[in-house]
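Chemist: pasting the sequence and the predicted coordinates here, then a few questions.
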Amino acid sequence: MLATAICASSAAYADTSTIGRTWPIVEPDALNEIEGRAGKVPEMRKAFGARADWSAMRAATLADASRSQTRQVVPFYTLDREIRLPDGQLLYARGYTFNPLAYVSLPQRLIVVRPRDLVWALREAKPADFVLLAAAGTSEHTSADPITLGERYGRPLFLLEERVKARLGLTVAPVVVRQIGQKLELSEVGPEDRSSSREHAR
């Protein structure tokens, strides 16, 4: 018992004793440093203006779908420059046109919608679908800000870019885009089908 007590006492002493020279810590606290630098970062609104005025936040404009119809498009792509191998051999010449869907697949649907029909789109969308917001023009004042609307509805939203609009051949919204073989099927949804969908949801 005496030996046990001595060992326990020695262990307790070793846990609290200091061996060798020590120096005070001179580095600033990491958390305090982060908070200090964060306080110096300028507000986005002050640095870049209102988010609605950012060029990156401007969606492509689409007209309202006046009737329901389905059509198919082939999203051909034409190279605007030549592509060469590392040794200089020409692989594809400038102007070469091909269908990307012959090589890749679109696993999810794209639901392109104007802000006023967003609730309808979210009701129709499957979890894997991408919801893209299009602008409605000056006659409709509903914001197409995907960040604000995404936070409101708890789902990631994206802006429809002009190049995507052109590549997919979009003219109206709402439209549901999905791949069928090596083509894209565009299902444009007219007002009656949007309202009937709302009735079924009630």
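Modeler: Perfect, thanks for sending it.
Chemist: residue 153: what's it in contact with?
Modeler: Residue 153 makes contact with 118, 122, according to Cβ atoms under 8 Å, 6 or more residues apart in numbering. C-beta coordinates here come from the backbone N, C-alpha and C atoms, glycine included.
Chemist: ok, 7 Å please
Modeler: Contact partners of residue 153, counting by Cβ atoms under 7 Å, 6 or more residues apart in numbering, are residue 122.
Chemist: where do the strands sit along the chain?
Modeler: 63-64, 69-73, 77-78, 83-84, 90-92, 97-98, 110-113, 130-133, 158-159, 172-173, 175-180, 183-188 (DSSP state E).
Chemist: tell me which of those sits nearest to residue 28.
Modeler: With Cβ to Cβ as the measure, strand 158-159 is the member of the strands of the chain nearest residue 28 (40.6 Å).
Chemist: helices or strands next to that closest one in the packing?
Modeler: Under the contact definition 3 or more Cβ pairs under 7 Å, 6 or more residues apart in numbering; DSSP states H and E, strand 158-159 sits against strand 130-133.
Chemist: which of the residues in the strand it packs on are buried?
Modeler: Of all the residues in strand 130-133, those buried under the rule 16 or more other Cβ atoms under 10 Å are 131-133.
Chemist: same deal with stretch 159-168?
Modeler: Under the neighbour-count criterion of 16+ other Cβ under 10 Å, stretch 159-168 has 159-160, 164-165, 168 buried.
Chemist: pull the residues that contact that stretch.
Modeler: Defining contact as Cβ under 7 Å, 6+ apart, one finds that stretch 159-168 is touched by 57, 59-60, 73, 75, 112, 132-134, 144, 146, 177, 184.
Chemist: could you dump the buried residues of stretch 159-168 to a markdown table with distance to residue 124 and pLDDT?
Modeler: A markdown table is the format used below for these (distance: Cβ to Cβ, whole Å; pLDDT from 0 to 100):
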| residue | distance to residue 124 | pLDDT |
| --- | --- | --- |
| 159 | 19 | 91 |
| 160 | 17 | 93 |
| 164 | 20 | 91 |
| 165 | 20 | 93 |
| 168 | 18 | 90 |
